[in-house]
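Chemist: here's a sequence, model it:
(4 chains)
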There are 2 protein chains.
Amino acid sequence: MIRNLTEQDKEHLQEALVKSGQKVTPQREAVFTVLLSERDHPTVDEVFNRAREVMPGLSLATVYNCLETFVGCGLVRQVNHERESTRYCPNLAPHAHFRDKETGQVHDIELPPEVMKSLRSILPPGFDSEVIEISFLGRAQAKDTHSN
Amino acid sequence: MIRNLTEQDKEHLQEALVKSGQKVTPQREAVFTVLLSERDHPTVDEVFNRAREVMPGLSLATVYNCLETFVGCGLVRQVNHERESTRYCPNLAPHAHFRDKETGQVHDIELPPEVMKSLRSILPPGFDSEVIEISFLGRAQAKDTHSN
DNA sequence: TAATCAGTTAGAATGAGTCTAATCCGCAAG
DNA sequence: CTTGCGGATTAGACTCATTCTAACTGATTA
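Modeler: Residues are numbered from 1 along each chain as shown, chains lettered A, B, ... in the order given. Just a heads-up that it's a prediction; the model follows:
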């Protein structure tokens, strides 16, 4: 179910948008709401379908635009796996992704700072990296029930 | 330039193919030759164009087929970055990829076993991973000249 | 020689994502 | 007000990597 944004979430959205010279619009609020309501790394299509429940006139192009805007102002992260549809994730803490081979579900894996450090240390001199993507592929025993 | 396969490379190809019930064909040899001649993570299209120099009748579909076969029998690895075209890499040692933001070039980064181990250790119980993909995005000072 | 079968081929189909041109909407200036 | 401006939104056309399909090839087996 799609729950409403808390005041705090609204401020978070507004602040991030305004900081990068963007406006808060009803469409952006709707898309953001969808992302926060179910944190299951939805595809654009999934976001689109969920958001339509709340705003039936919303167009697919706008969902693409909104998500791009959010990525641009650091509100959400893109998650790519092989060449499958891009997924979106509002978890901003540094984390890796674990993709279940059977269900296709994506789980967040916390990334302790010392692991990040050891990763950075394997770069030869002259290599300077801003972004490190880590993704696991395998099987996960469903231990939590609040999966998608 | 496309150099011929060494006897050793030919055996390597044959062994891997036969082991998974596949045949050695002229097209597969040509594609494999291209991969080993310039180890710069080419896209399917690049492989296609290079291979045509040596085998003009070769079709794109066949290049796709060959590469898929090679991946299936562990001869090469697929490298994906965001949603760009898939690239192929004949380096089988465990390694990460560094993608230069400016040139688009992909460099292999050696992965020491202790880093692999620390990565595996961050998986919560119940998560079992076969494949770990690590990719860096950033800028690399060109220190070698034999880039593509 | 005929049948079989994997591999190859050209071209059509797919589908995620991007582009375009028209429209909408909020707001500031007149 | 009402006019004009600019960014946001929209529908639909378009792109392009990849996959699919159906016909063809060529080596091997019956």
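Chemist: count the neighbours of the closest residue in space to residue A:141 that isn't next to it in sequence for me.
Modeler: Distances taken as C-beta to C-beta, 6 or more residues apart in numbering or on different chains place residue B:126 nearest to residue A:141, at 3.8 Å, with adjacent residues excluded. All C-beta spots, glycine's among them, are computed from the backbone N, C-alpha and C. Close neighbours of residue B:126, defined as other C-beta atoms under 10 Å in any protein chain shown, add up to 11.
Chemist: domain boundaries for chain A, per the record?
Modeler: Domain assignment of chain A by automatic domain parsing yields the ranges A:7-87, A:93-138.
Chemist: can you add mean pLDDT and distance to DNA strand C and give these back as a markdown table?
Modeler: Converted to a markdown table, these look like this (pLDDT from 0 to 100; distance: least, C-beta to the nearest atom of the strand, whole Å):
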| stretch | mean pLDDT | distance to DNA strand C |
| --- | --- | --- |
| domain A:7-87 | 97 | 3 |
| domain A:93-138 | 94 | 13 |
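Chemist: isn't residue A:71 right next to residue A:77, touching?
Modeler: Yes - using C-beta atoms under 8 Å, residue A:71 is in contact with residue A:77, at 7.2 Å.
Chemist: who has more neighbours, those two?
Modeler: Legend: neighbour count by other C-beta under 10 Å for residue A:71 and residue A:77, higher for residue A:77 (19 against 14).
Chemist: any idea how far residue B:38 is from the residue nearest to that one when sequence neighbours are not counted?
Modeler: Counting by C-beta to C-beta, 6+ apart, residue A:89 is the residue found nearest to residue A:77 once chain neighbours are left out, at 5.0 Å. To residue B:38, residue A:89 is 36 Å away according to C-beta to C-beta, to the nearest Å.
Chemist: likewise residue A:91?
Modeler: In terms of C-beta to C-beta, residue A:91 sits 39 Å off from residue B:38.
Chemist: buried residues in the helix or strand encompassing residue A:9, which are they?
Modeler: Remark: residue A:9 resides in helix A:7-19, with elements defined by DSSP states H and E. Neighbour counts over helix A:7-19 (16 or more other C-beta atoms under 10 Å in any protein chain shown) mark A:9, A:12-13, A:16-17 as buried.
Chemist: and the residue nearest the centre of chain A?
Modeler: residue A:89 (1.3 Å; C-alpha atoms, centre = their mean).
Chemist: how about that one, what does it touch?
Modeler: Applying C-beta atoms under 8 Å, 6 or more residues apart in numbering or on different chains to residue A:89 gives the contacts A:39, A:41, A:76-79, A:97, A:106, A:108.
Chemist: give the residue farthest from the middle of chain A.
Modeler: Farthest out in chain A is residue A:125, which, by C-alpha atoms, centre = their mean, sits 31.6 Å from the centre.
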